[in-house]
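In: Give me the fold of what follows.
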Amino acid sequence: MTETEIKTVVELEKWLKENCYPMNSYSINGNAIYEGFGLENNGGLFQWFYIERGDKKTLEYFATEKEAVVYALKKIKSDEHANRNYIGMYKSNQEVEQILSELKKRGIEYWTDKIPYGGMNDWRTRIFVIGCGIKNAKDLVKNE
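Out: Numbers count the residues shown, from 1 in each chain. The predicted structure follows:
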């Protein structure tokens with residue numbers, strides 16, 4: 001299915017899954033999320049919303065499902081973090097280099113950042129795989 005053929009929430013959900021978007025930051029077709037954006041039909045009115053710690057705020061309303069879906073797809077695709085699949089968080093630079101080397105060897109696109117995990121003296125590197133590269137990196141996902 002191409003993006004231009006998407007007209008329903010079900011089709012949007014299917015397209016996102018086919019293109020390996022992790023569904024933990026977007027609630028499309030009713031999947032539960034802790035934090036992120038979502039699209040729902042509320043009595044015939046479609047709503048684009050943001051939820052954080054259970055607090056939901058509607059950001060946009062749409063009269064038709066197609067309008068809502070086109071808007072949602074555009075928003076999701078413009079979010080550079082939307083199709084990043086989390087591999088793990090690492091303290092050791094050696095471990096980071098091993099994982100990145102393996103991803104490069106497999107031709108898998110990735111993204112990393114460093115965060116102060118336990119304070120300013122405890123930096124960790126997070127590694128994410130872009131899109132469907134996750135299919136070829138499942139064995140590298142760190143189970144913590």
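In: so how far is residue 24 from the nearest residue in space to residue 34 that is not next to it in sequence?
Out: Of all residues not flanking residue 34 in the chain, residue 53 sits nearest, at 7.3 Å (Cβ to Cβ, 6 or more residues apart in numbering). Yep, even glycine has a C-beta here, placed from its N, CA and C like the rest. Per Cβ to Cβ, to the nearest Å, residue 53 is found 15 Å from residue 24.
In: Any idea which residue is closest to the centre of this protein?
Out: residue 82 (3.6 Å; Cα atoms, centre = their mean).
In: That residue should be in a helix, yeah?
Out: No: Residue 82: not assigned to a helix; according to DSSP: H, G, I helix; E, B strand; the rest coil it is coil.
In: For it, give me phi and psi.
Out: Torsion angles at residue 82 (phi, psi; degrees, to the nearest 10) stand at phi -60, psi -40.
In: which non-adjacent residue is nearest it?
Out: Per Cβ to Cβ, 6+ apart, closest to residue 82 is residue 76, 5.0 Å.
In: ditto for residue 113
Out: Residue 113's closest residue in space is residue 126 (Cβ to Cβ, 6+ apart), at 5.5 Å.
In: For that neighbour, grab the count of nearby residues.
Out: 17 (other Cβ atoms under 10 Å).
In: Distance check, it against residue 26.
Out: Using Cβ to Cβ, we find residue 126 at a distance of 19 Å from residue 26.
In: ok, back up a step: out of residue 53 and residue 24, which sits in the more crowded spot?
Out: The neighbour comparison of residue 53 against residue 24 (other Cβ under 10 Å) goes to residue 24, with 14 against 6.
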